[in-house]
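Engineer: just need the structure, nothing else, for what follows:
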Amino acid sequence: MKQNYMASDQKITVDDFLVLLDDVFLEPEGTITIDLKRDEIPGWDSLGILSLMAEMDEKFDILLDANVIGGFESVADIVSILRQNGALLE
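Structural biologist: Model (predicted):
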């Protein structure tokens, strides 16, 4: 990963989280937007899912299993998990 975005006890903005997702899914910075669908992100594959699970755990103390993440259809679905867990700075 390129940088440490936050400690697990802090919150993150949507914009900073999108940069983190660029990193997780190995996309150029600025590629991931909240309205993108899963099939529009080449890096959202099995390795990307594992990387996302690790980041969510490490940075936000949010434990998700592969079945939950596998059900996500868009970036907005991931952001909603942050919101539900109080990790989003709004």
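Engineer: where is the longest helix in the protein?
Structural biologist: Assignment by DSSP state H gives helix 46-60 as the longest helix of the chain.
Engineer: need the next SSE after that one, C-terminal direction.
Structural biologist: helix 66-70 (DSSP states H and E).
Engineer: okay, buried residues for that following helix please.
Structural biologist: I69 (16 or more other C-beta atoms under 10 Å). For glycine as for every other residue, the C-beta is placed from the backbone atoms N, C-alpha and C.
Engineer: now do stretch 43-54
Structural biologist: Buried-residue list, stretch 43-54, by 16+ other C-beta under 10 Å: 43-44, 48-49, 51-53.
Engineer: closest to V79 among the residues you listed?
Structural biologist: L52 (12.1 Å; C-beta to C-beta).
Engineer: give me every residue that touches that closest one.
Structural biologist: 21, 24-25, 69, 78 (C-beta atoms under 8 Å, 6 or more residues apart in numbering).
Engineer: nearest to D39 among those?
Structural biologist: Using C-beta to C-beta, those come closest to D39 at F25, 12.5 Å.
Engineer: how many neighbours does that closest one have?
Structural biologist: 21 (other C-beta atoms under 10 Å).
Engineer: do you know the pLDDT at the nearest residue to it once chain neighbours are set aside?
Structural biologist: Distances taken as C-beta to C-beta, 6 or more residues apart in numbering put G43 closest to F25, at 3.2 Å, once the chain neighbours are dropped. pLDDT, G43: 95.
Engineer: can you tell me how far G43 is from I49?
Structural biologist: G43 is 10 Å from I49, where distance means C-beta to C-beta, to the nearest Å.
Engineer: got any ranges where the chain has weak pLDDT?
Structural biologist: Within the chain, the stretches with pLDDT under 70 are 1-9.
Engineer: switch to 50 and redo it
Structural biologist: 1-8 (pLDDT under 50).
Engineer: what about the helices in it?
Structural biologist: Going by DSSP H, the chain shows helices at 14-24, 46-60, 66-70, 75-84.
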